[in-house]
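Trainee: following is a predicted model, sequence given first.
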Amino acid sequence: MNLLKWSTIGALAYGSFVVLFESVFLGIYQPSFEKSDGTGIPMIKITTTDDSGESRSRMLARFEAYNKIYVSAHHWTRRWYKNALKNPYIQVEINGDRFEAIAIPVSGEEFKRVAALYPLPLVAKFLMGFPPPRQILRIDTLKT
C-alpha cells in the first residue's frame, strides 16, 4: 500500500510539474533562450491566424538545415501548429527582422533528415511529459 501511495504522489507531482512547465512557463511566459550575443537556442516568433481571424504569436525554438528554417511542434500545446496548418501564411520575426512566410509541413525523407539532425534529448522529453510525436514545419520566406 505504501508503494502505491508514493507512486501515486510521484505521478501526480510529475503531472503537475509538466502542466506548469508547458502551460505557464512555456505557454504564458514564452521565454527566449537566445542570448543577445547570438548564443543559446535560436528563437523565432511566429504569428498565426485562427479560424475567427484572430492573430496569435508564439516564441519557438528554430533550427536551420540545408539553408532552410524549421520549427518543431513537440509540446502538448500545439494550437499555433494547428493554426499554421489551416492558414499557412504567417508572420515571422527573427532577431528583430520581420517578414511574411508560409509554413510547410515536412514529411517523408525531408522529415527524417531534419529530425535526425535535431533529435529531442531525453531530458527535454521528460520536461515535456513525453509528448506526442513531433511535427516539423519548414518556414519559407514569401518573396515580395
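Mentor: Perfect, thanks for sending it.

Trainee: would you mind measuring from K143 to I44?
Mentor: K143 sits 19 Å away from I44, going by CB to CB, to the nearest Å. For the C-beta atoms, the positions are set from N, CA and C on the backbone; glycine is no exception.

Trainee: what does A101 give?
Mentor: The gap separating A101 from I44 is 10 Å, by CB to CB.

Trainee: likewise F63?
Mentor: Using CB to CB, F63 is found at 9 Å from I44.

Trainee: one more: F17?
Mentor: Distance of F17 to I44, given as CB to CB: 26 Å.

Trainee: out of these two, which sits in the busier spot?
Mentor: When F17 and I44 are compared for neighbours, I44 comes out ahead with 21 against 13, by other CB atoms under 10 Å.

Trainee: where does the chain have low pLDDT?
Mentor: For the chain, applying pLDDT under 70 flags the ranges 1, 24-29, 32-34, 76-77, 144.

Trainee: report the buried residues of the longest helix along the chain.
Mentor: Under DSSP state H, the helix in the chain containing the largest number of residues is helix 2-19. With burial defined by 16 or more other CB atoms under 10 Å, the residues of helix 2-19 counted as buried are V18.

Trainee: now the common contact residues for F63 and I44.
Mentor: Common neighbours of F63 and I44 (criterion: CB atoms under 8 Å, 6 or more residues apart in numbering): 69, 71.

Trainee: what segments of the chain are helices?
Mentor: Assignment of helices within the chain using DSSP H yields the ranges 2-19, 79-86, 108-117, 122-127.

Trainee: so which of these comes closest to G96?
Mentor: Minimum separation from G96 across these (CB to CB) falls at helix 79-86, 20.3 Å.

Trainee: tell me the centre residue of the chain?
Mentor: Nearest to the geometric centre of the chain sits A73, at 4.3 Å (CA atoms, centre = their mean).

Trainee: wait, that one touches R79, no?
Mentor: No - under the contact definition of CB atoms under 8 Å, A73 does not touch R79, with a separation of 9.9 Å.
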